[in-house]
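Participant: the following block contains a protein sequence and its predicted model.
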Amino acid sequence: MYETHTAVVGTVITHPVKRSTNAGEEVLSFRMASNARRFDQAAGEWTDGGTLYLTVSCWRRLVGGVGASLMKGDPIIAYGQLRTNEYTNRDGVERSDLEMRATAVGPDLARCTAKLDRTSKVPPSEADGLDDPDEGAEAVNEEVAVVG
């Protein structure tokens, strides 16, 4: 297995869908598009380049936050591990799909604003003093509502 991690800036192009695996684990997935643009100095205008499409899969703690916060059309930044899935479709044609198993997803604040909703079961003074950044993480719930 390969461990290629990257960040992709783009737009959610499908409604996020939550499902359960056979093992009972929840996963939320959606498609995103990242468009390349560059400034053509000779023409004095921006020109569109290619578009990268990928499926973003969110697992565990990420399912609730992404599901409650993002929807189709939202500008996002997704970070995670890239994988290529190869398969044969119903017509017998071999295809491949790029998937990101996300470890972090959030709004692109260059293209929108967001209001954080911090609901904490652990007093901030105790949470700030934790040596392990992941320790007590289940006790802090941060939700993001994309405003713009």
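Facilitator: Perfect, I can see it now. Numbering: from 1, shown residues only.
Participant: where do the helices sit along this structure?
Facilitator: 61-69, 124-128 (DSSP state H).
Participant: mean pLDDT lowest for which of these?
Facilitator: Here these differ in mean pLDDT, and the lowest is helix 124-128 at a mean of 52.
Participant: how about stretch 89-99: buried residues?
Facilitator: Residues of stretch 89-99 classed as buried: E99 (neighbour count, 16 or more other CB atoms under 10 Å). For glycine as for every other residue, the C-beta is placed from the backbone atoms N, C-alpha and C.
Participant: extract the CA atoms of it and return them as PDB.
Facilitator: Only the C-alpha atoms of stretch 89-99 are listed here, as PDB (Å, rounded to 0.1, in the frame of the first residue of the first chain):
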ATOM      1  CA  ASN A  89     -18.000  -1.200 -15.200                       C
ATOM      2  CA  ARG A  90     -21.300  -2.900 -16.200                       C
ATOM      3  CA  ASP A  91     -20.500  -2.500 -19.900                       C
ATOM      4  CA  GLY A  92     -17.200  -4.400 -19.500                       C
ATOM      5  CA  VAL A  93     -15.100  -1.200 -19.800                       C
ATOM      6  CA  GLU A  94     -12.100  -0.900 -17.500                       C
ATOM      7  CA  ARG A  95     -12.100   2.300 -15.600                       C
ATOM      8  CA  SER A  96     -10.200   4.000 -12.800                       C
ATOM      9  CA  ASP A  97     -11.200   6.400 -10.100                       C
ATOM     10  CA  LEU A  98      -9.100   8.700  -7.900                       C
ATOM     11  CA  GLU A  99     -10.100   8.500  -4.200                       C
END
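Participant: tell me how far that stretch lies from the chain's centre.
Facilitator: Stretch 89-99 sits 23 Å away from the centroid of its parent chain (CA atoms, centre = their mean, to the nearest Å).
Participant: what's the end-to-end length of stretch 77-96?
Facilitator: Stretch 77-96 has an end-to-end distance of 23 Å (CA to CA, to the nearest Å).
Participant: distance from the chain centre to it, please.
Facilitator: On CA atoms, centre = their mean, the centre of stretch 77-96 falls 17 Å from that of its chain.
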